[in-house]
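Novice: I would like to see how this sequence folds:
(4 chains)
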Amino acid sequence: MKAMGIVFSNSHEVNLPELTSDRSIAAVPFAGRFRLIDMVLSGMANAEIYKVAVIAERNYHSLVKHIGAGKDWDLVRKNSGLTVFTPFGSVGQTRMSSCRIEALECLLSYLKESAEKLVVISDSDIVGNIRYDAIIDFHVKNKADVTAAYRYLPIGNKQPFARKLPKELSVTNEGRITKICRGMRSDWPKNILMNIWVIDRELLISLIKEGITNGYRSFSADLLAAHTDDLRLMAYRHEGFYGEMTSLAAYLQHNLAFLNQDNLREVFGDEHRPVYTHVKDSPPTVYGQNSRVVNSLIASGCVIKGCVENSVLFRGVEIAEGAVVRNSVLMSDSFIAGGAELDYIVADKGATVREGRKIAGVPELPFLLPRNAKI
Amino acid sequence: MKAMGIVFSNSHEVNLPELTSDRSIAAVPFAGRFRLIDMVLSGMANAEIYKVAVIAERNYHSLVKHIGAGKDWDLVRKNSGLTVFTPFGSVGQTRMSSCRIEALECLLSYLKESAEKLVVISDSDIVGNIRYDAIIDFHVKNKADVTAAYRYLPIGNKQPFARKLPKELSVTNEGRITKICRGMRSDWPKNILMNIWVIDRELLISLIKEGITNGYRSFSADLLAAHTDDLRLMAYRHEGFYGEMTSLAAYLQHNLAFLNQDNLREVFGDEHRPVYTHVKDSPPTVYGQNSRVVNSLIASGCVIKGCVENSVLFRGVEIAEGAVVRNSVLMSDSFIAGGAELDYIVADKGATVREGRKIAGVPELPFLLPRNAKI
Amino acid sequence: MYVKKKCVAMLLAGGQGSRLFVLTNKIAKPAVRFGGKYRIIDFPLSNCINSAIDTVGVLTQYRPFELNSYIGNGEPWDLDRMHGGVHILPPYLDAVGGQWYKGTANAVYQNMDFIERYNADYVLVLSGDHIYKMDYNKMLDFHIANNADCTIAVLEVPLEEASRFGIMNTNPDGSIYEFEEKPAQPKSTKASMGVYIFNKDKLASYLQADEQDEGSVNDFGKNVIPAFLQGGERLFAYPFDGYWRDVGTIGSLWEVNMDLLKETPELDLYDNNWKIFYRHNPAHPQYLGKNALVKNSLVGDGCEIDGCVENSVLFEGVRIAAGAKVKNSVIMDKVVIESGAKVNYCIVDAETQIGAEAQIGVEAKGSADVSVIGGGLRIAPRAVIANASIIGQDC
Amino acid sequence: MYVKKKCVAMLLAGGQGSRLFVLTNKIAKPAVRFGGKYRIIDFPLSNCINSAIDTVGVLTQYRPFELNSYIGNGEPWDLDRMHGGVHILPPYLDAVGGQWYKGTANAVYQNMDFIERYNADYVLVLSGDHIYKMDYNKMLDFHIANNADCTIAVLEVPLEEASRFGIMNTNPDGSIYEFEEKPAQPKSTKASMGVYIFNKDKLASYLQADEQDEGSVNDFGKNVIPAFLQGGERLFAYPFDGYWRDVGTIGSLWEVNMDLLKETPELDLYDNNWKIFYRHNPAHPQYLGKNALVKNSLVGDGCEIDGCVENSVLFEGVRIAAGAKVKNSVIMDKVVIESGAKVNYCIVDAETQIGAEAQIGVEAKGSADVSVIGGGLRIAPRAVIANASIIGQDC
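Specialist: Numbers count the residues shown, from 1 in each chain, chains lettered A, B, ... in the order given. Predicted coordinates for the structure are as follows:
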């Protein structure tokens, strides 16, 4: 069934302030050659969703530069394709929206002009190869009004620290949602709402209006929660790899998760559901005569003459002879000089570590090298 | 010489409030099938300027919908092409710019990252087939630092009323600019600044910084005027058709100017310098058995069964049998019912005139039918 | 890396269309103009994209230049894609030499690689010769629901005309038990529209067999469909009941254009939900001058008209001087008609100039009298051209 | 409606490249892979767009499928344009029948319409066989400044090698007075690179004449350039002094790849101002496993390496199991090398599988010993393949 997509590009940035001070969370670099939004946009394109609105409220220059006209996701279309909605574009709008429902409000005329039966809504701080087509099929097969994707987490499973907990669903055996509540407990909830919804377009329009009228703030915990009885809210359980950007530690952990080849092939290596990204035409990576690289993910365009272990290197990183990098994520164009040693580091783009410097974080609190930092 | 373009999409809207309350002036429909910005973007594309920044501060939804990714101007490029710059996208920016210099400030990093030698700056409230390539050639040949395009107006030439007068240049015989001043006199200035500049990119960057530091407001009358001695400011005289959107009367007058076939062929019929627009795939226009259309410009997709004289009809206008339209501009999807009579009317999109209604303005004060008005 | 496509369309655009005479001297038939704005091929291409079929191979070999450049990057039909989109498929050379397309079936056979590349389950075979609006996706649903191996779109035609068509004889469930090419005694009135859907694997094996059959002329209608029937495959007839015309002759080309001038044309070009897309040329809006009189006509962009036009279809950029009279005619792009010229029951191809006071078909009364003036010609002032002439050179 | 272009490029990509043996069984030579990421044709295409020449006709006829689909809509080279862009130009049929391209000059001759369409003043003729980075725009400026009719790019070669090339003998002002194809006694060391700029009108008339000359083999080097000289036209030699290689043989293909492993390669692929663009496949970053040991090598995206790799170029999606050893080799896309296999001085084409413990070229010592394993093959476990073997089938 024909569906259009809505992607939020600034969701939950509060959990990852270290990497979102000058970019939206959607534009946070990930897994060596991607940005977070690549997974959402590719998932939608793979589900034949060719009309996608990206809601961008803050710091969207690097996002807009990355997605451009949408070419890399084959989303340049004559009368639909990819559209970025920024605030202040509409008549009379004078301030940023303060919640998801207000942000959706600025899409009302766009939604009304559309012809698609369904709308798929997704956040972009999600790590995984989400099968939006399967969620749509589930939605249609179950004659749902709204379908929410969730993942099941056995109690006791240790999760990274989060400033803001995800929301939790109560789900019947048939998959019907009976309750949506904010994650308030100190242990993590069991059925975690993934902030991916499928919803009838006409229904969405009326729900947005209702949410505005009633002054609701949360799309799920206020607005949808008010309709567990009179709407057919269904829950789709996601089984594959899944991660949320709940903290810098989670960011490091989710990157390093792809040193596991099963995860790597599932999320970034499935040729039927590829993850596209903005291409850079980088040359291949060069390994020097004395390089020593093990259990690491390396993007193209790197020059590696030193030692790299259990790490993720983005495009154009240079590791000089004698440098040692362990358990770290180094974003594009970082340079690590000879004799430097890094352990549990997240280096933002263009960071430079000078000769002989030794820096180390720990798994639950990685050391952050800010963008273009020179130490 | 390689050049990039900067287009202001909100300039001088104060002169045309009737048509810019819910769209930018760049998006004002013009001459039956165009919008004003089409002339600027096409002129730049025809001058092989393939990297264009459009500065959009207010009401830009219809503009963004019109230009899309830039396909219609062949401006979808891999790493350049058309980019729309909206406020609040950058880090820390919290308000709209109040003048041209502040608006340019938000392009500083874009300008610094570019490689083009020259920058062509243009407003979009300009009617004409501007030869940006000729201005660039003039600039290079004259070894100018800055070139400003102007048109010469014999004194006494009657001009439409304008809320804000254009600026005036004093030019030597060799074409050097000696003075730039605000149009303050009651009669119109002689050498009218067209708000089209060619400027060295590096110089532009330093001028923007200087303008911000000094708190200048006007790019020409403050900033450039301060450099008539130490910079080589040259003036390029535009000879072809030229119009400015100084008022609603000027809007009507400039539309009707294209009932003159010389103007029509010069501006919109030159196959070496075509004016592109967003295509709509309209069917041909149908003329009925009793239609009577003379001295009029008719876009495609119209259905004309009545009488049209000295008028401009946009796409999808329907004139019922027995209706009479004279000296008017009817934008897309207007409907004029039988027996209605219109004279000196500007009808915004989707206006409906019911049976037998008779409305008339005068040349110097046309009657405005607002968007979707039903009378 | 290719994204899998459920259905790929193969559009047969190789035909010369020799019964269109001078109109196809330089261009393939699918590139022939129609309706003031369009080319014939706009209809199948627009139908594809409107039916959500976004991967189309266009099989060309006859004078493909203008057609290739018209299709270009596919952008006008939203078929400029990273994955899928429209691709021109000409004949090619391999290590053992090359061969031109021998027939419609051979053209598809030589391009099975293209279909395999997208791993398509279904192949939609279309012709570039017909004017119609059709939702192929509904036909595909029908094909799948019937678990068919091949589905053929059919149109009800009057019994007396049935012997001009390929006729499908069907069982009550819609399955086809017999196919007769132009039967003298038609048993049914279901005429094939030349629109087929095949299961890809079945098609591949029958095309392979057809290729090895030396007696075959490698044609879908003459060989492949009969072979499917003989092989006991499941063939179904998909009923279509809209406007459909084969634009095979001068008369039919003139008539489909005139059909658009009826009070309520059967072919609705004004439906925003099923637009017919076409390649645009930049042009100014049409200008009607101080002496213009235009009645019951269709007019495209860029025209400048100062004469009289009645019951006619004018394409883009036509110029008609004051005092010229055009009636019952189809005037293609950039034709110039000078003052005092009279043009009646005539198709004038693009970029031709009709001199002042020239008279074309002034005695003509109906479609049998239609004249054709080829493209790029100059008809001298005061030239007189009789009814039903075919003019291929300056005169 | 076509936008005028100052200069249109015609890229000759029709060659089979038979001296590359199994590597060009299924693809044209310009589609052969190079340098871990690229195909040969990426170089002239990237040179064009970097030189601001945005209209390119690619003349193909041999096995064009893979090349066509690689070029696709031209997007990777920013050549997907409404006006201009890259167009594949295969042979075609007209009313009097079709003909394949008889030679390089005939291929351009048959497509003069394409050049005329853009109303180009200059025609740049390129070959799809060479690896080099060159600013054609500078050459065009040189051509215009000399008021030349034809300009030929030349490279200084060592005198002892000059007899392998087409040699230009020039006057002090750079004008060419003589052209000798592979002269036994070379008078100069200026070798033609197969890069020509012509004034369009001159080219059109000489191609016309060449077509009428029955004795001509319709080749630029053998016929057209000598005819220009004989006709007294102004021919100039444009000196080029960068890296330029003809990738005509297995040995040269291996060497250009190995050139990239030098400490400072002559061919700089890391220059952001002159990027070589290529078509991307979605892929994960390369993964080096717990047992990986990679030294002095180039590696593309999507590889998964757990074995030892030394002095080698690995393309995209290559998998090398723990215990496998690859040295001095060029391993193309999606090759799988199983555990314990040894590969030395070898070019392995795409999608081939090398079985466990297989031994290829273990005795090889240098470029003369290079083996070639064709694409899509399976080399059995424990197979032993000697130096300098050419393997075209499973073994």
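Novice: phi and psi next, for C:I71.
Specialist: Torsion angles at C:I71 (phi, psi; degrees, to the nearest 10) stand at phi -70, psi -40.
Novice: which residues touch it?
Specialist: Neighbouring residues of C:I71 by CB atoms under 8 Å, 6 or more residues apart in numbering or on different chains: C:41, C:45, C:58, C:86, C:88. Bear in mind the C-beta positions are built from the backbone N, C-alpha and C, glycine included.
Novice: if you set the cut-off to 6 Å instead, what comes out?
Specialist: The contact partners of C:I71, by CB atoms under 6 Å, 6 or more residues apart in numbering or on different chains, come to C:V86.
Novice: which residues sit against the biggest helix by length in chain C?
Specialist: Longest helix of chain C, by residue count under DSSP state H: helix C:200-212. Outside helix C:200-212, the residues within contact range by CB under 6 Å, 6+ apart are C:105, C:109, C:112, C:120-121, C:123, C:149, C:216, C:223-224, C:227.
Novice: can we see that at 8 Å?
Specialist: By CB under 8 Å, 6+ apart, the residues outside helix C:200-212 that reach it are C:105-106, C:108-109, C:112, C:115, C:120-123, C:149-150, C:216, C:218, C:223-224, C:227-228, C:231, C:233.
Novice: drop anything exposed from the residues you listed.
Specialist: Buried by 16 or more other CB atoms under 10 Å in any protein chain shown: C:105-106, C:108-109, C:112, C:115, C:120, C:122-123, C:149-150, C:216, C:218, C:223-224, C:227-228, C:233, out of the contacts of helix C:200-212.
Novice: can you tell me which of those are in helices?
Specialist: Secondary structure from DSSP H places C:105-106, C:108-109, C:112, C:115, C:227-228 of the buried ones among the contacts of helix C:200-212 in helices.
Novice: out of these, who's nearest chain B?
Specialist: Distance to chain B across those (CB to the nearest CB) is lowest for C:I115, with 28.6 Å.
Novice: hey, where'd the helices end up in the stretch 51-200 of chain C?
Specialist: Here the stretch 51-200 of chain C has its helices, by DSSP state H, counting those that start in this stretch, at C:64-71, C:104-109, C:112-117, C:136-145, C:200-212.
Novice: for the residue of the stretch 51-200 of chain C found nearest chain B, give me its contacts.
Specialist: Nearest residue of the stretch 51-200 of chain C to chain B: C:E75, at 6.5 Å (CB to the nearest CB). Counting by CB under 8 Å, 6+ apart, C:E75 makes contact with A:78, B:71, D:82.
Novice: how much space between A:V52 and B:V64?
Specialist: For A:V52, the distance to B:V64 equals 15 Å [CB to CB, to the nearest Å].
Novice: try C:A184
Specialist: Distance from C:A184 to B:V64, by CB to CB: 63 Å.
Novice: okay, those two: which has more neighbours?
Specialist: Counted by other CB atoms under 10 Å in any protein chain shown, C:A184 and B:V64 do not tie: B:V64 has more neighbours, with 21 against 6.
Novice: what sits against the spatially closest residue to that one that is not a sequence neighbour?
Specialist: Computed as CB to CB, 6 or more residues apart in numbering or on different chains, the closest residue to B:V64 that is not its neighbour in sequence is B:V84, at 6.1 Å. B:V84 makes contact with B:53-54, B:56, B:60, B:63-64, B:67, according to CB under 8 Å, 6+ apart.
Novice: who's in contact with the closest residue to C:L267 other than its chain neighbours?
Specialist: The shortest distance from C:L267 to any non-neighbouring residue, by CB to CB, 6+ apart, is to C:Y243 (4.5 Å). Contacts for C:Y243 (CB under 8 Å, 6+ apart) come out as C:131-133, C:259, C:266-267.
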